[in-house]
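J.: Return atomic coordinates for the entry below.
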Amino acid sequence: MDPNDISKNSPPVVALKEMSFQWQGSTTETLNIESLSVATGERVFVKGNSGSGKTTLLNIIAGVIVPTKGDVEVLGEQLNLLPSWKRDAFRSQHVGIIFQIFNLIPYLSLIDNVTLPCSFSAERKTKALERSGSLESEARRLLEHLDLDLEKLADKPVSRLSVGQQQRVAVARALMGGPELIIADEPTSALDADTREVFLELLFQEIEDNEATLIFVSHDASLERYFDRGLHLNDINQATGELV
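T.: Take a look at the predicted model:
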C-alpha cells in the first residue's frame, strides 16, 4: 500500500503522546516517546538493537502493560485509562499478535490453534463465519493462503511442524477474524532470507485483504524496504538511561 494513499482525514490507528515507561523497581526509563502515530492501513517497520525496548513498546500498544505516564490511544480507545480486564477484552477483539516464539498450544490441533481467538471475541467469530461459513473453513482458507499443505499437515501435532510451518500457523491465528491491528514481534528471526521474503509477501497480501494495519518489529534492518515506513526506535525514544 502506498502511504500517500492513506487518508489524512482518518483518525490514526495508534497514537502515543508524551508516553514513558519505567519498570517497577527500576531507576531508569525504558521508553520516553513524545509522539508516535500509525495511520489506517500502514505497514510500519520498527527496528532497534536488542534490549532497546521494542517488545515493551509492542506490549504497551497491545495493552498488555500500561505506560508510567502519557496517553496510549488505539482505534480511538485510550488504553491507559482502562482496567486490565477491559484491555484484555479490547486486545482479543481488535489486535492480532504474532509472537517471536509463536506460542502455539501443543495439545490443540492445527485448526483449533488458528480458531482460538474466536473463543475470546464474538466479533472476530462473526467476521470469520461471514467470510467462510464456518470457523474451520476460515482457518483452512488462511492456512492454505499462507501456503501450508493441509492434506499433509492437518493431523500433525503443531509441536512437530517445522519452524516455518509453525510461524504460518501463528500468523493465521493472528489474522483469524480480521482484527484491525496486527502486531508482529521478530516473527522472522528463525527464517533464512528466501523464506523471509516469501513469508512477508503472504503476510502483506492477507493484511491488505483484511484492510488491517501492521506494526512489525525486527532487529533485521534489511527487511525495512518491504514496508511503507521505517522507524528506528532510537530516533523516537528519548529515554537516556539516566536516573529519573
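
J.: For stretch 70-86, what is the distance to the chain centroid?
T.: Distance of stretch 70-86 from the chain centroid (Cα atoms, centre = their mean, to the nearest Å) equals 17 Å.

J.: Now the residue nearest in space to the middle of the chain: which helix or strand?
T.: Central residue of the chain (Cα atoms, centre = their mean): Ile183, 1.2 Å from the mean position. Assessed by DSSP states H and E, Ile183 sits inside strand 181-185.

J.: Buried ones in that strand, by neighbour count?
T.: For strand 181-185, the neighbour count (16 or more other Cβ atoms under 10 Å) marks 181-185 as buried. C-betas here are computed from N, CA, C, even on glycine.

J.: That one pairs with which strands, parallel or anti?
T.: Sheet pairing for strand 181-185, assigned by DSSP bridges, gives strand 95-98 (parallel), strand 213-218 (parallel).

J.: Convert the first one to PDB, retaining C-alpha atoms only.
T.: This points to strand 95-98. What follows is strand 95-98, C-alpha atoms only, in PDB (Å, rounded to 0.1, in the frame of the first residue of the first chain):
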ATOM      1  CA  VAL A  95      -5.500  -6.900  17.900                       C
ATOM      2  CA  GLY A  96      -3.800  -9.900  16.400                       C
ATOM      3  CA  ILE A  97      -0.300 -10.700  17.800                       C
ATOM      4  CA  ILE A  98       2.400 -12.700  16.100                       C
END
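
J.: how far is the following helix or strand past it from where the chain is centred?
T.: Proceeding N to C from strand 95-98, the next assigned helix or strand is helix 110-115, under DSSP H and E. Relative to its chain's centre, helix 110-115 lies at 18 Å (Cα atoms, centre = their mean).

J.: Quick check: next helix or strand after helix 110-115?
T.: Sequence-wise, the next helix or strand downstream of helix 110-115 (DSSP H and E) is helix 122-132.

J.: okay, and the helix or strand of this protein with the least pLDDT?
T.: Every helix and strand in the chain was compared by mean pLDDT, DSSP states H and E; the lowest is helix 193-209, with a mean of 85.

J.: quick one: the closest residue to Gln100 other than its chain neighbours from Phe216, how far?
T.: In this structure, Gln100 finds its nearest non-sequential neighbour in Glu186, 4.1 Å apart by Cβ to Cβ, 6 or more residues apart in numbering. For Glu186, the distance to Phe216 (Cβ to Cβ, to the nearest Å) stands at 9 Å.

J.: Distance across stretch 91-107, terminal residue to terminal residue?
T.: Stretch 91-107 has an end-to-end distance of 24 Å (Cα to Cα, to the nearest Å).

J.: circling back to that earlier point, from the buried residues of strand 181-185, which single one is nearest Lys54?
T.: Asp185 (7.5 Å; Cβ to Cβ).

J.: Who does the closest one form a beta bridge with?
T.: Per DSSP bridges, residues listed as beta-bridge partners of Asp185: Val217.

J.: Gln165 touches Leu153, doesn't it?
T.: Yes. At 6.7 Å, Gln165 and Leu153 qualify as touching, with contact defined as Cβ atoms under 8 Å.

J.: helix or strand for Gly164, which one?
T.: helix 163-175.

J.: Give me the residues contacting the least confident helix or strand of the chain.
T.: 1, 43, 142, 145-147, 164, 167-168, 171, 175, 182, 184, 187-188, 191, 214, 220, 223, 226 (Cβ atoms under 8 Å, 6 or more residues apart in numbering).

J.: and with 6 Å instead?
T.: 146, 164, 175, 188, 214, 226 (Cβ atoms under 6 Å, 6 or more residues apart in numbering).

J.: What is the burial count for Glu136?
T.: 15 (other Cβ atoms under 10 Å).

J.: what's the nearest residue to it if we skip its chain neighbours?
T.: Leaving out its chain neighbours, the residue that sits closest to Glu136 by Cβ to Cβ, 6+ apart is Ile111, at 5.6 Å.

J.: Right, I'll leave it there.
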